[in-house]
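> Mind looking at a prediction? Sequence and model below.
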Amino acid sequence: FMTLYFRYQLKTLPEKPLGHWTFWARYRVCDNLQAVYWLYNLTGDGFLLELGDLLHSQGHDFTRMFLRSDDLKRFGSIHCVNLAQGLKEPVIYYQQHPDREYIDAVKKGLSDIRLLHGQPQGMFGGDEGLHGNNPTQGSELCSAVELMYSLEKMTEITGDVAFADHLERIAFNALPTQVTDDFMHKQYFQQPNQVMATRHTHNFYEDANHARTDIVFGTLSGYPCCFSNMHQGWPKFTQNLWYATHDGGLAAMVYSPCNVTAEVAGGVRVTIAERTQYPFDEQIRFEIKIDGRKVKTAQFPLRLRIPGWCEGATVAVNGQAVATPAGGSVAEVRRTWRTGDVVTLRLPMEVAVSRWYERSAVVERGPLVYSLRIGEKWSKVRNPGKQIYGPWYYEVRPTTPWNYTLFEEDVRPERIAEAFRVERRDIGDAYPWTLENAPVEIKARGRRLDEWVLYQESAGPQPYSTNETANPAEEITLIPYGCTTLRITEFPLTRDLRKN
């Protein structure tokens, strides 16, 4: 069937190209291209490579966009999901034409997106069109799951650690916060600094198109596309925890509790049980089991990604240290494995502070971003307007103050370890991505900034750091971004006036 369909495409597209009926197909050509290459790997039919070149030529030129245009500098120059879904196209096409330019283009594109529109949870300001990096700009749920999928495919093709790092940042921060804990309702747009989730006009690119329901939680609220697409995030992430390698081995490129069964070393079946509380904990344990009835051992390489944020990683086999790999690398353990062998990977997680919009400070630890813990009051609201956005939805309002700053002195590198205190707790098998179950808390000093108030039921314009206020210091609690619904993530800074 697919062979006949792709012959039809090859015959028809010269007369009716991808943009003939709608522009969407041009921006999302890479998903078509992936299917062509999937079939080629099964059949080897040469016409499929001809079709691959044709599709690439008719699709949006992301290579040119990233390397030779200023499109990313302009608000609204591209739809947010088209960007998330389409940016992998140069790397997909690279499989047929392995020109390094295609990978370099995507890397430059991601770097520019981070600079011009980036948000700390791994996403970008794109409330429909691209819209800058103000922490109250929206980021669409469809963009999150599509960007995850793009990063998964690019990791598979290139083995690049940076793509896997970015994937974890989205999966462990952006994804869990935008869907309710029971996975029945979603938020169309999320905000890094989100202090209310109410039906109201916000400073979004096309808010009026969605009857002001963009950040409430519902099924059809905002727009129903995300309710269909949100379900692909975790399953595809799970599918991409492990990869086969070219030399008969296995590679763990992203980490989560799981079991994998695969053929290695020319056909020997092996099962690896991955035991961990990552991303909340530093240790990952891999328990090896050789499944062959006649074969008791298997010689193959096991490769483990060392994230770029990590320093001091260690790899041990059966309690004996075998490697101290650098961050941003892939560690390899090549040996003859037996049932009962255990590999222990330790990825030390230190508190770090990065700087974002208006010199704001973001607290990080490992792959997780941390946000102010804000009390929540949920209310069910009947929709008085058009039912296209659902008959009812949930609004969320704060029950505790949100307008806190951090201290300029505390985010200096030499002070971070002392100023931010990490507290872990064992939650067992409970679902971790909730306000109540947050497995890690970070205690810090904060101070209320009275002039930072609501604007259009969002946090007001981001104060430029550094501010001065005489309000007293308070202990505040930060929890993983993915555990929050309401939050401050990008903190303005104030000076400690007592030292002046």
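Ah, there it is. Everything numeric in this text was worked out from a predicted model, so none of it was measured.

> so where do the strands sit in the stretch 101-250 of the chain?
139-140, 186-187, 189-190, 217-218, 242-244, 250-252 (DSSP state E, counting those that start in this stretch).

> What helices and strands are in contact with the fourth one?
The one in question is strand 217-218. strand 186-187, strand 392-398 (3 or more Cβ pairs under 8 Å, 6 or more residues apart in numbering; DSSP states H and E). (Each C-beta comes from the backbone N, C-alpha and C, glycine too.)

> at 7 Å instead, please
strand 392-398 (3 or more Cβ pairs under 7 Å, 6 or more residues apart in numbering; DSSP states H and E).

> Mean neighbour count, mean pLDDT and distance to K88 for the strands of the stretch 101-250 of the chain - can I get that in JSON lines?
Output for the strands of the stretch 101-250 of the chain, formatted as JSON lines (neighbours: other Cβ atoms under 10 Å; pLDDT from 0 to 100; distance: least, Cβ to Cβ, whole Å):
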{"stretch": "strand 139-140", "mean neighbour count": "28", "mean pLDDT": "97", "distance to K88": "17"}
{"stretch": "strand 186-187", "mean neighbour count": "26", "mean pLDDT": "96", "distance to K88": "23"}
{"stretch": "strand 189-190", "mean neighbour count": "29", "mean pLDDT": "97", "distance to K88": "22"}
{"stretch": "strand 217-218", "mean neighbour count": "24", "mean pLDDT": "95", "distance to K88": "29"}
{"stretch": "strand 242-244", "mean neighbour count": "17", "mean pLDDT": "97", "distance to K88": "16"}
{"stretch": "strand 250-252", "mean neighbour count": "21", "mean pLDDT": "98", "distance to K88": "19"}
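
> And the pLDDT for the spatially closest residue to L493 that is not a sequence neighbour?
Excluding the flanking residues, the one nearest L493 by Cβ to Cβ, 6 or more residues apart in numbering is S465, at 3.7 Å. For S465, the model assigns a pLDDT of 79.

> now the strands for the stretch 301-450 of the chain?
Under DSSP E, counting those that start in this stretch, the stretch 301-450 of the chain gives strands at 314-317, 320-323, 329-338, 342-346, 351-355, 361-365, 368-372, 376-382, 392-398, 404-407, 421-424, 440-448.

> from the chain's centre, how far out does the second one sit?
For strand 320-323, the separation from the chain centroid amounts to 31 Å (computed by Cα atoms, centre = their mean, to the nearest Å).

> I'd like to know which elements that strand is packed against.
strand 314-317, strand 329-338.

> thought I290 was touching D341?
No. I290 is not in contact with D341 according to Cβ atoms under 7 Å; the separation is 9.0 Å.

> Out of the strands of the stretch 301-450 of the chain, which is closest to Q239?
When those are compared by Cβ to Cβ, strand 329-338 sits nearest Q239, at 19.6 Å.

> Give the buried residues for the closest one.
The neighbour-count check on strand 329-338 (16 or more other Cβ atoms under 10 Å) flags S329, V330, A331, E332, V333, W337 as buried.

> Tell me the one of these nearest G86?
V330 (27.3 Å).

> Which pLDDT does the model give the closest one?
In this model, V330 is scored at 98, pLDDT.

> Quick check: chain neighbours aside, which residue is closest to it?
Counting by Cβ to Cβ, 6+ apart, the residue nearest V330 is R303, at 5.1 Å.

> What count of nearby residues applies to that neighbour?
Neighbourhood size, R303 [other Cβ atoms under 10 Å]: 18.

> tell me the contacts of it?
Shown in contact with R303 (Cβ atoms under 7 Å, 6 or more residues apart in numbering): T245, G249, A251, V330, A331, E332.

> Give me the distance between the last one and D426.
Plainly put, E332 is 32 Å away from D426 if you go by Cβ to Cβ, to the nearest Å.

> try the fourth one
Applying Cβ to Cβ, the value for V330 to D426 is 31 Å.

> For the spatially most distant residue from the centre of the chain, give me the pLDDT.
Counting by Cα atoms, centre = their mean, the extreme residue of the chain relative to its mean C-alpha position is K294, 42.7 Å from that point. What the model reports as pLDDT for K294 is 79.

> How about the one 3 residues further on?
Per-residue confidence for T297 comes out at a pLDDT of 93.
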